[in-house]
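Enquirer: no sequence on this one, just coordinates:
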């Protein structure tokens with residue numbers, strides 16, 4: 001069975017394969033809407049259990065049998081024993097369920113160790129309406145994920161939360177191109193803020209593209225690493241709000257001028273891409289359009 005199957009379908013198929021009742025299927029589907037991570041974990045565990053039962057069954061069929069004691073009662077006993085063995089072998093560290101769980105998390109954009117907020121869970125009911133309005137699910141998810149942190153940063157700087165979410169989206173490719181640490185974990189740096197001489201925190205060193213004399217050039221650079229997305233937004237607010245270099249940028253943002261904000265950032269040297277302002281302005285407009293659709 002391909003793991004690219006939608007989760008709702010996967011839940012139903014996996015549960016039916018285990019001969020579970022309809023109530024269990026609906027319970028697991030309900031969990032998926034409230035706590036995707038828990039539902040993914042349970043789905044992966046059930047698939048591994050089903051797989052292990054099939055393995056036990058195949059092994060038993062491959063074993064020579066005299067047939068003298070074979071009857072419906074012994075067959076039922078063997079099946080129950082296989083289920084018990086499969087249960088014991090399911091969920092072990094490094095097992096199949098963990099591999100399935102990681103794959104489903106990537107498919108659904110649920111990060112390890114991250115629990116959905118009540119607002120995010122409630123927002124899952126908006127997906128059909130947003131799909132009609134041509135809003136990609138990963139765009140909606142990104143906006144919802146960072147809404148709280150962006151509003152907190154807005155209180156510090158006066159920069160509209162939608163502008164900051166849009167800039168984070170542009171810098172990170174809507175969360176798909178985040179700056180990673182050496183071990184592959186996220187640095188939470190969705191703003192692409194470099195680690196200069198004054199930075200004393202953790203650092204993520206990665207290859208990036210800088211524009212030299214208007215030409216894209218691959219270079220290795222050090223970026224700031226944080227413990228959470230909230231820390232990243234707070235640091236961004238501090239960088240922009242307390243720096244004379246960005247004074248005009250904040251002033252433009254306070255008037256709600258998306259294009260002026262984007263141009264101000266480019267003029268202040270936030271990025272070397274000559275098209276940075278126009279690209280960011282488009283992302284801001286997209287973010288505000290999606291937020292209106294979600295309202």
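Expert: Arrived safely, thanks for sending. Quick caveat: nothing in here was measured; it's all calculated off a predicted structure.
Enquirer: Helices along the chain, start to end?
Expert: Using DSSP state H, the helices found in the chain span residues 7-17, 22-34, 36-61, 72-89, 96-108, 118-123, 127-132, 137-157, 161-172, 229-241, 247-254, 258-267, 276-294.
Enquirer: so what's residue 260 up against?
Expert: Counting by CB atoms under 8 Å, 6 or more residues apart in numbering, residue 260 touches 252, 253. (Each C-beta comes from the backbone N, C-alpha and C, glycine too.)
Enquirer: In terms of pLDDT, where does it sit?
Expert: At residue 260 the predicted local distance difference test score is 92.
Enquirer: Equivalent analysis for residue 147, please.
Expert: Per-residue confidence for residue 147 comes out at a pLDDT of 94.
Enquirer: wait, doesn't it sit right on residue 161?
Expert: Yes - proximity of residue 147 to residue 161 meets the contact threshold set by CB atoms under 8 Å, at 6.9 Å.
Enquirer: By mean pLDDT, which helix or strand of this protein comes out lowest?
Expert: Of all helical and strand segments in the chain, the minimum by mean pLDDT, DSSP states H and E falls on helix 7-17, at a mean of 43.
Enquirer: wait, what's in contact with residue 201?
Expert: For residue 201, the set of contacting residues under the criterion of CB under 8 Å, 6+ apart consists of 195, 224, 225, 226.
Enquirer: let's go with 7 Å and repeat that
Expert: 224, 225 (CB atoms under 7 Å, 6 or more residues apart in numbering).
Enquirer: Next one: residue 289 relative to residue 166, how far apart?
Expert: Remark: distance between residue 289 and residue 166 (CB to CB, to the nearest Å) = 11 Å.
Enquirer: More neighbours: those two, which one.
Expert: Taking neighbours as other CB atoms under 10 Å, residue 289 and residue 166 compare with residue 166 leading, 28 against 15.
Enquirer: The more buried one contacts residue 285, correct?
Expert: No - using CB atoms under 7 Å, residue 166 is not in contact with residue 285; the gap is 8.2 Å.
Enquirer: Next, the buried residues of stretch 233-246.
Expert: Buried positions in stretch 233-246, judged by neighbour count with 16 or more other CB atoms under 10 Å: 233, 234, 235, 236, 237, 239, 240, 241, 246.
Enquirer: Sorry, wrong one. I was asking about stretch 251-269.
Expert: By neighbour count on 16+ other CB under 10 Å, the buried set for stretch 251-269 is 252, 253, 258, 260, 261, 262, 263, 264, 265, 266, 268.
Enquirer: And for stretch 241-249, what's in contact with it?
Expert: The set of residues that contact stretch 241-249 without belonging to it, under CB under 7 Å, 6+ apart, is 156, 157, 240, 250, 261, 264, 265, 268.
Enquirer: Check whether the fourth one really touches residue 240, as I assumed.
Expert: Yes - contact status for residue 250 versus residue 240: in contact at 6.3 Å, counting by CB under 7 Å.
Enquirer: got any residues that touch both of the two?
Expert: By CB under 7 Å, 6+ apart, residue 250 and residue 240 have these common neighbours: 157, 159.
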